[in-house]
Every structure is written in C-alpha cells, then in structure tokens.
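Asker: Build me a model:
(one chain, ligands or ions: 1)
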Amino acid sequence: MLDRRSFADKTTLAKELADAVAGRINAAIAERGEAAIAVSGGSTPARFFAALGKRKDIDWGKVVVTLVDERWVDELNERSNAALVNEKLLQGPAASARFLPLYSGGAEPDAARIARTAAGLQHLPHPFAAVVLGMGSDGHTASFFPGGDTLAQALSASGPVIAIRAPGAGEPRVTFTLPRLLETDALFLHIEGEDKAQVLETALADGPVEEMPVRAVLRAGRPMTVYWCP
Ligand SMILES: O=C1O[C@H](COP(=O)(O)O)[C@@H](O)[C@H](O)[C@H]1O
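Answerer: Below is the predicted model of the structure:
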C-alpha cells in the first residue's frame with residue numbers, strides 16, 4: 001500500500017512530484033472535465049509548487065487548488081499557507097487556476113466561520129485528483145496534531161473541514177477531515193530530510209494514532225506514495 005520513492009536531492013524530488021501530480025490533474029481533466037488538488041503548507045512544498053506551477057501542459061483554467069489545512073491567519077501573515085500557494089504555485093501558467101482558501105476571516109475559527117469555509121468548498125470538484133500531504137517532526141499531517149482538541153472528529157467526520165487547536169500547532173487551525181482527504185485519485189506524502197525519514201519509520205511502527213496522527217493516514221488502507229529526499 002505504501003510506495004516509497006527516494007530522490008537524490010530536493011530539485012529532483014520537486015520535478016518528479018510535479019510530474020506525478022500533473023499526470024493526475026491531466027487524467028482527471030480528461031475523465032471529468034476538471035480537477036481539484038489539495039496541497040500542504042509549511043516549509044517543504046515551495047520547490048514542488050514552483051515546479052508544478054510552471055507546467056504548460058496543464059489546462060489550469062480547469063483546475064481548482066485548495067489546501068489540506070490552514071493556520072487561522074490572513075494572507076499577510078508569513079505563516080499563512082495560502083500566501084505560500086499564491087507566491088509559489090499560482091504564478092505563470094498556474095495563475096489561471098482557481099484557488100479556494102480555508103481561512104475565512106477573524107481571529108478564531110468559530111462555527112460560523114468554519115461554515116463559511118465549508119460553503120466556499122461546496123463546488124470543489126470531487127473527488128480530488130491528488131492530495132499532497134506533508135508531515136511535521138511531531139508526526140502531524142494536515143492539521144491532525146497530537147493533543148488536538150478535535151483530533152478524533154478530524155480523523156473520522158465526513159467533513160469537509162473542522163477547526164482544531166493543539167499545543168504544538170501555534171495558531172488555531174482549520175483542516176480537511178481525513179475521510180474527505182481520502183476521497184482522492186492519488187495520495188502523496190512529501191517529506192524531506194533524515195529527521196523526517198526517521199519520524200516516518202517511527203510512525204510505521206506500532207503505537208497510538210493520538211501520539212502520531214500521521215498513523216491514521218498510514219493505516220487507512222489506501223495506496224499512498226511517499227516522496228523523500230535527504
Ligand atoms: O503546519 C504545517 O506543518 C506541516 C509540515 O510542515 P513542514 O514545514 O515541516 O514542511 C504541513 O504539512 C502542514 O500543511 C502545515 O500546516
């Protein structure tokens with residue numbers, strides 16, 4: 001179920017992952033006339049975003065991009081995942097894609113704001129053509145954090161999105177739920193560095209999901225391809 005691919009360096013990984021995701025986008029457009037992808041934030045995806053956004057073989061006007069999760073901050077904040085997507089991915093050819101953000105205003109993701117985010121996702125093409133997850137060194141993925149106040153619901157609710165707060169998360173968060181993220185043609189896990197490789201080994205061993213929520217994805221019984229480089 002887990003296909004693990006290793007690459008010599010970050011540039012090669014970025015190009016190979018962009019090739020794989022572009023293939024999924026083009027297949028979804030051929031089959032369904034449109035494609036949606038959900039991508040991660042944080043520091044790891046910048047090179048991959050740049051490689052994907054340059055692709056001229058994608059009909060970007062038929063592509064919807066969203067995030068797997070978001071810190072509850074506006075786009076002027078340097079921790080905004082949406083800002084990263086706008087700066088690195090939605091440039092050049094990819095500027096014609098439609099972006100559906102998860103942050104919907106204010107300082108807290110209260111019920112009304114989460115409902116507004118969910119309403120904005122109503123016309124998201126379904127299923128995703130590709131979901132690209134990242135992973136933190138604490139074993140979180142998307143915003144499924146150890147100690148998350150709504151972790152159990154985030155891993156089981158039909159979604160699409162839920163607010164979550166956790167000691168290691170910094171700001172309050174919004175995340176797609178796991179069941180919704182698994183509704184995808186292809187699932188990727190993008191990690192870089194020896195430390196993340198070690199975290200993945202630990203996550204693959206026995207142990208509670210609550211301690212390393214990425215285990216919920218690894219144990220979901222869905223094919224997933226890991227892209228890793230040192
Ligand atoms: O906070 C987040 O962290 C993870 C991992 O980020 P990285 O900086 O270690 O690459 C990321 O996958 C997630 O989308 C983001 O919100």
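
Asker: State the pLDDT value of the residue lying farthest from the centre of the chain.
Answerer: Distance from the C-alpha centroid of the chain, by CA atoms, centre = their mean, peaks at D206 (24.5 Å). D206 carries a pLDDT value of 98.

Asker: got it, and the one 5 residues further on?
Answerer: E211 carries a pLDDT score of 98 in this model.

Asker: host element of it?
Answerer: Assessed by DSSP states H and E, E211 sits outside every helix and strand.

Asker: number of nearby residues for the residue nearest to it when sequence neighbours are not counted?
Answerer: Distances taken as CB to CB, 6 or more residues apart in numbering put P146 closest to E211, at 5.8 Å, once the chain neighbours are dropped. Bear in mind the C-beta positions are built from the backbone N, C-alpha and C, glycine included. Applying other CB atoms under 10 Å, we find 20 residues neighbouring P146.

Asker: From N26, how far off is P146?
Answerer: 37 Å (CB to CB, to the nearest Å).

Asker: just L133 next, same as before
Answerer: Here the criterion is CB to CB. By it, L133 lies 21 Å from N26.

Asker: out of those two, which sits in the busier spot?
Answerer: Neighbour count, other CB under 10 Å: between L133 and N26, L133 has more, with 22 against 18.

Asker: from what I can see the more buried one touches T184, true?
Answerer: No. Applying CB atoms under 8 Å, one finds L133 not in contact with T184, separated by 10.2 Å.

Asker: Contact partners for the closest residue to Q91 other than its chain neighbours?
Answerer: Once flanking residues are discounted, Q91 sits nearest to G53: 5.2 Å by CB to CB, 6+ apart. If you count contacts by CB atoms under 8 Å, 6 or more residues apart in numbering, G53 has them with K88, L89, L90, Q91, G92, P93, A94.

Asker: Excluding chain neighbours, give the residue nearest to the second one in space.
Answerer: Meaning L89. That would be F49: by CB to CB, 6+ apart, it lies 3.8 Å from L89.

Asker: Run a quick neighbour tally on that neighbour.
Answerer: Close neighbours of F49, defined as other CB under 10 Å, add up to 24.

Asker: I191 now?
Answerer: 22.

Asker: Do the helix or strand hosting it and the ligand come into contact?
Answerer: Per DSSP H and E: I191 is located in strand 187-192. No. Where contact is defined by CB under 6 Å from any ligand atom, no part of strand 187-192 touches the ligand; the two come within 7.7 Å at best.

Asker: Does anything pack onto that strand? Which helices or strands?
Answerer: In this structure, strand 187-192 packs against helix 10-32, strand 130-133, helix 194-204, helix 214-218, strand 224-229, with contacts taken as 3 or more CB pairs under 8 Å, 6 or more residues apart in numbering; DSSP states H and E.

Asker: which bits of this structure sit near the ligand?
Answerer: Counting by CB under 6 Å from any ligand atom, the chain sits next to the ligand at S40, G41, G42, S43, T44, V68, D69, N81, G134, M135, G136, S143.

Asker: Got a ChimeraX select line for the buried ones in those?
Answerer: To isolate the buried ones among the residues of the chain next to the ligand in ChimeraX, judged by 16 or more other CB atoms under 10 Å, type:
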select :40,41,42,44,68,69,81,134,135,136,143
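
Asker: and the gap between V21 and the ligand?
Answerer: 15 Å (CB to the nearest ligand atom, to the nearest Å).
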